[in-house]
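S.K.: heads up, no residue letters with this:
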């Protein structure tokens, strides 16, 4: 397969994934640099947003944070498989669904990179209202969440419209 | 019903891809990173070593150089030389005195 013969849409897809991945990577590198230069995880604190660096070895909400290496690797392999499935899905889908999948892939690849090379994902955005704290997340999580919201909206709105049209 | 299943499936898959940690984890890590002031050992005050008095007393450089009292022969010869030189100097002084006095008397 020649690279020059690839369709234009491939480059657009690749650009979207690369853009999400790059934004996430830059934010993580900058926060890790600040953490090292400040000699601590508390970088910024305000009444609604704290920047506190933590390393998450598990999945969402700190679940499955295993100490054993083989379980951690198994989880990473599972995530890699999910990403591959999403790539296949994105190649077959169109419109909003495709772009929401691409955003999810970009964020997921960013987190997978950290899981492989740093043995943990750096989370640093801590939104809170008074004493109520939400989970600490990163830029990749924001992209994945928005991608999932768009996917759900697509399923709820667009698919139901097409079903009505068929009937 | 099918839609709900799809939404649940999407959300389930997303939990594997998202990696957000609990705030509690952040606070516990923070404590681990910081140094505990109670774990810092205080430095003991300076104390003289127990066998300090057994050490040899250092000597002055000058004292070491002039210290040749062990050589008795040298000492004797030196003292003899010094006394003879003193005597000659006295004699010359006396003769000079006499000469001056003689010259004064003559004038």
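M.R.: Arrived safely, thanks for sending. What you see is a predicted model; the values in this text were computed from it and never measured. Numbers count the residues shown, from 1 in each chain, chains lettered A, B, ... in the order given.
S.K.: From here on, just use CA atoms for contacts and neighbour counts.
M.R.: Fine.
S.K.: And the helices in the chain?
M.R.: Using chain A here. Remark: helices assigned in chain A by DSSP state H are A:8-38, A:69-92, A:95-117, A:139-153, A:159-166.
S.K.: think we crossed wires, I meant chain B
M.R.: Taking DSSP H as the test, the helices found in chain B are B:2-17, B:23-33, B:61-66, B:72-106.
S.K.: Distance of residue B:90 relative to residue A:13?
M.R.: Note on residue B:90: its distance to residue A:13, by Cα to Cα, to the nearest Å, is 120 Å.
S.K.: Return the helix or strand in chain B with minimum mean pLDDT.
M.R.: Within chain B, confidence by mean pLDDT, DSSP states H and E is lowest for helix B:23-33 among all helices and strands, at a mean of 57.
S.K.: May I have the residues that are in contact with residue B:16?
M.R.: The contact partners of residue B:16, taken as Cα atoms under 8 Å, 6 or more residues apart in numbering or on different chains, are A:59-60, A:79.
S.K.: what do you get for residue A:136?
M.R.: By Cα under 8 Å, 6+ apart, the contact set of residue A:136 is A:54, A:123-127, B:20-23.
S.K.: Which of residue B:90 and residue A:13 has more residues huddled nearby?
M.R.: Of the pair residue B:90 and residue A:13, residue A:13 is the one with more neighbours under other Cα atoms under 10 Å in any protein chain shown, namely 18 against 12.
S.K.: In this structure that one contacts residue A:102, no?
M.R.: Yes: counting by Cα atoms under 8 Å, residue A:102 is a contact partner of residue A:13 at 6.8 Å.
S.K.: if we can go back for a sec, what subset of the contacts of residue B:16 is also close to chain B?
M.R.: Among the contacts of residue B:16, proximity to chain B is found for A:59-60, A:79 (Cα under 8 Å from any Cα of the partner chain).
S.K.: And those, which is closest to residue A:93?
M.R.: Among the ones next to chain B among the contacts of residue B:16, residue A:79 lies closest to residue A:93 (Cα to Cα), at 20.6 Å.
S.K.: farthest pair in the contacts of residue A:136?
M.R.: Greatest spacing in the contacts of residue A:136, by Cα to Cα: A:54 and A:127 (14.0 Å).
S.K.: Show me which of the two is the more surrounded one.
M.R.: Comparing residue A:54 with residue A:127 by neighbour count (other Cα under 10 Å), the higher total belongs to residue A:54, at 27 against 19.
S.K.: gap between that one and chain B?
M.R.: Taking Cα to the nearest Cα, to the nearest Å as the measure, residue A:54 falls 5 Å from chain B.
S.K.: What residues does chain A have near chain B?
M.R.: With Cα under 8 Å from any Cα as the criterion, chain A meets chain B at residues A:40-42, A:52-56, A:58-62, A:79, A:82, A:107-108, A:111, A:121, A:123, A:126, A:133-138, A:140-141, A:144-145, A:148, A:151-152, A:155-156.
S.K.: Going through those, which ones are buried?
M.R.: For the residues of chain A next to chain B, a burial check counting by 16 or more other Cα atoms under 10 Å in any protein chain shown picks out A:40-42, A:52-56, A:58-62, A:79, A:82, A:107-108, A:111, A:121, A:123, A:126, A:133-138, A:140-141, A:144-145, A:148, A:151-152, A:155.
S.K.: Could you report the neighbour count for residue B:45?
M.R.: Look at residue B:45: counted by other Cα under 10 Å, it has 5 neighbours.
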